[in-house]
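Participant: Let me see the structure of the following:
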Amino acid sequence: MAYQVTTFYHFTRLNCLAEKQSRWQELGDRLGLKGTILLAEEGVNVTIAGESAAIEEMVETMVADLGITSVPQRHSWAKTIPFQRMKVKIKPEIVSLGQPQVNPEKQVGTYVSPQQWNQLLQDPDVVVIDTRNDYEVAIGTFQGAVNPCTKKFRQFPDYVKNNLDQQKNKKVAMFCTGGIRCEKASAYLLEDGFAEVYHLRGGILHYLETIDPEESLWQGECFVFDERVAVQEGLKVGSHALCDGCGYPLSADDHHCPQCGLTVAESNEL
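Facilitator: Residues are numbered from 1 along each chain as shown. Model (predicted):
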């Protein structure tokens, strides 16, 4: 049996967070779902796994509670549910940038479809930035993308200040796993005075889901924050595993963990 893994996010002003937390936790547990739902005043960020019918019921309830008619979703599959339990958490932000003035409801960059993304990547006048963390970038990214070498998304504003502030009139295109980080990053750049900002709609997951491998400009695998560790073209489960010493993603070719230095054999023994 294969289990469905569904992700989505939605920026919108929310209230009654504790009420939604309790209601969604109870429903998720009753439906046998596992995963993580982050709630904040700025919106919701969801990754859940389980049987398809149960996920459909859960999403329908959440969408109704959010006061919208539908929400773009990414679906993939796993042989086992890649989460230990169901968690509904209230957070200050659904993705932590640490810039309270940034409001993706107010303005975001121009969405670029996966079909249009390749053309943008090959435009010499565009600076393409991977907004993910350095350990994610290490196992896969787009050809020609800039790695900002951040360990946390909250470091992205410092990267902009130190590296991009002199390029506010250049075209900047960004991407991330599912779209939420690059969408918020695009709102930040516009707030900071950048003129022309783009971001990949649906993120890497949507790109891998829809673009033929022969046409793909993606290199490597895409890190995901669950027990699958990484996915590849068609959102098939990738080949990476986590170091038991520090949690860094290791490929089948790694003999030592690049982060903590443990040999793979030592990691497996922990």
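Participant: In three-state terms, label Gln219 for me.
Facilitator: Of the three states, Gln219 takes strand according to DSSP: H, G, I helix; E, B strand; the rest coil.
Participant: What of Ile94?
Facilitator: Ile94 - assigned by three-state DSSP - is coil.
Participant: Name the nearest residue to it, ignoring sequence neighbours.
Facilitator: Spatially, and ignoring its direct neighbours in sequence, Ile94 is nearest to Asn45 (3.9 Å; Cβ to Cβ, 6 or more residues apart in numbering). Heads up, the C-betas are built off the backbone N, CA and C, glycines and all.
Participant: That neighbour - how many residues pack around it?
Facilitator: 22 (other Cβ atoms under 10 Å).
Participant: Would you confirm that Glu221 contacts Ile139?
Facilitator: Yes: applying Cβ atoms under 8 Å, one finds Glu221 in contact with Ile139, separated by 5.3 Å.
Participant: Neighbour count for these two, which is higher?
Facilitator: Counting neighbours by other Cβ under 10 Å for Glu221 and for Ile139 shows that Glu221 has the greater number, 23 against 20.
Participant: Name the residues contacting each of Glu221 and Ile139.
Facilitator: Common contacts of Glu221 and Ile139 (Cβ atoms under 8 Å, 6 or more residues apart in numbering): 230, 240.
Participant: What mean pLDDT does stretch 255-270 get?
Facilitator: Regarding stretch 255-270, the rounded mean pLDDT is 70.
Participant: should've said stretch 242-250
Facilitator: 90.
Participant: Helix or strand for the residue nearest to Ile94, just tell me which one.
Facilitator: According to DSSP states H and E, Asn45 maps onto strand 43-50.
Participant: What pairs with that strand, parallel or antiparallel?
Facilitator: Using DSSP bridges, strand 43-50 pairs in its sheet with strand 3-11 (antiparallel), strand 34-40 (antiparallel).
Participant: Mean pLDDT added to those strands, as JSON lines?
Facilitator: Output for the strands paired with strand 43-50, formatted as JSON lines (pLDDT from 0 to 100):
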{"stretch": "strand 3-11", "mean pLDDT": "97"}
{"stretch": "strand 34-40", "mean pLDDT": "98"}
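Participant: so where do the strands sit in the stretch 151-270 of the chain?
Facilitator: 171-175, 196-200, 218-220, 222-223, 230-231, 241-242, 249-250 (DSSP state E, counting those that start in this stretch).
Participant: Of all those strands, which one comes closest to Trp77?
Facilitator: Nearest to Trp77 among those is strand 230-231; the distance by Cβ to Cβ comes to 10.0 Å.
Participant: same for the closest one, what does it pack against?
Facilitator: Packing partners of strand 230-231 (3 or more Cβ pairs under 8 Å, 6 or more residues apart in numbering; DSSP states H and E): strand 222-223.
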